[in-house]
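Engineer: just the structure for this:
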Amino acid sequence: MTQTGFSSRQSSARLQLHPAYILHRRPYSNSSLLIECFTLSHGRFPAVAKGVNRGRSTIAGLLQPFHPLLIRWSGRGEVKSLHAQEAVAPPHELQGRLLYCGFYLNELLLRLLPREDPHEALFGSYGSTLTRLAQGDAVEPLLRCFEVELLAQLGFGLVLDRDAVDGAPLNPFQRYHYVIDQGPLPCDSADPAGLSGATLIGLEKGMFSDRVALTEARTLTRYVLRHYLGSRPLKSRELFRQELISSH
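Structural biologist: Take a look at the predicted model:
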């Protein structure tokens, strides 16, 4: 296929309506918004929604995080132009702690997901996580499962079923050090930095037996995510910390 043919087909596809979420938005120019879109078919990209803050327009109210949308855009450059948007369903109602959890998911996608790199399974996982948060499902298991899915989709998948020494299945009664790019290494049972084999096995299955397992799973995913996120802290986590301090 010629490059011209590919561009034409790609341009035609983008004139259709596509499932999407807004990960972030900020004012742009006098009456526009600069939004970061996360779409099913084309991944993540920035777009300008022109004139949506003008007069009595209700469009800006649609272009909010956590709102399932269908959108249409155009443009060959890095920043696209948004042309149409409509709601698929009401926005997910996230309040209090749940709102910060939603911001956390969005920030992970903004920081780690390359632009215009579609991940349909990740899009589905994101949407279902928002739904289950809004429905009141337990927060910690949902976040841990999304983090594991995100890392896997980006090619940084955790090794949670075998040790890094000889590939033997993990022993639920053994403790392990987790080494990035290798996996779990057996360690002394008294080592405070060790993780239970049962925790690692449970994390792979999305099953957590108790609070200790959830705490260890969070320790692991934060350690791995920090490696890929770099030294810049997550704003959503800082905001949540400040909210906890101010509420006491």
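Engineer: quick one: residues in contact with stretch 139-150.
Structural biologist: 97-98, 101, 104-105, 108-109, 112-113, 121-122, 125-126, 129, 132-133, 157-158, 160, 203-204, 206, 208, 214, 217-218, 221, 225 (Cβ atoms under 8 Å, 6 or more residues apart in numbering). Yep, even glycine has a C-beta here, placed from its N, CA and C like the rest.
Engineer: may I have that stretch as CSV, with CA atoms only?
Structural biologist: Taking Å, rounded to 0.1, in the frame of the first residue of the first chain, the C-alpha atoms of stretch 139-150 are listed here in CSV:
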residue,chain,number,x,y,z
VAL,A,139,-10.4,0.3,46.0
GLU,A,140,-7.1,-1.3,46.7
PRO,A,141,-7.7,-4.5,44.7
LEU,A,142,-9.0,-2.5,41.7
LEU,A,143,-5.9,-0.2,41.6
ARG,A,144,-3.5,-3.1,42.0
CYS,A,145,-5.1,-5.1,39.1
PHE,A,146,-5.1,-2.0,36.9
GLU,A,147,-1.4,-1.3,37.6
VAL,A,148,-0.5,-4.9,36.7
GLU,A,149,-2.6,-4.7,33.5
LEU,A,150,-1.0,-1.4,32.5
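Engineer: can you pull the buried residues of it?
Structural biologist: Neighbour-count burial for stretch 139-150, with 16 or more other Cβ atoms under 10 Å as criterion, is recorded at Pro141, Leu142, Leu143, Arg144, Cys145, Phe146, Glu147, Val148, Glu149, Leu150.
Engineer: repeat that for stretch 196-205.
Structural biologist: Quick answer for stretch 196-205 (16+ other Cβ under 10 Å): Ser196, Gly197, Ala198, Thr199, Leu200, Ile201, Gly202, Leu203.
Engineer: if anything else comes up later, I'll come back, but that's it for now.
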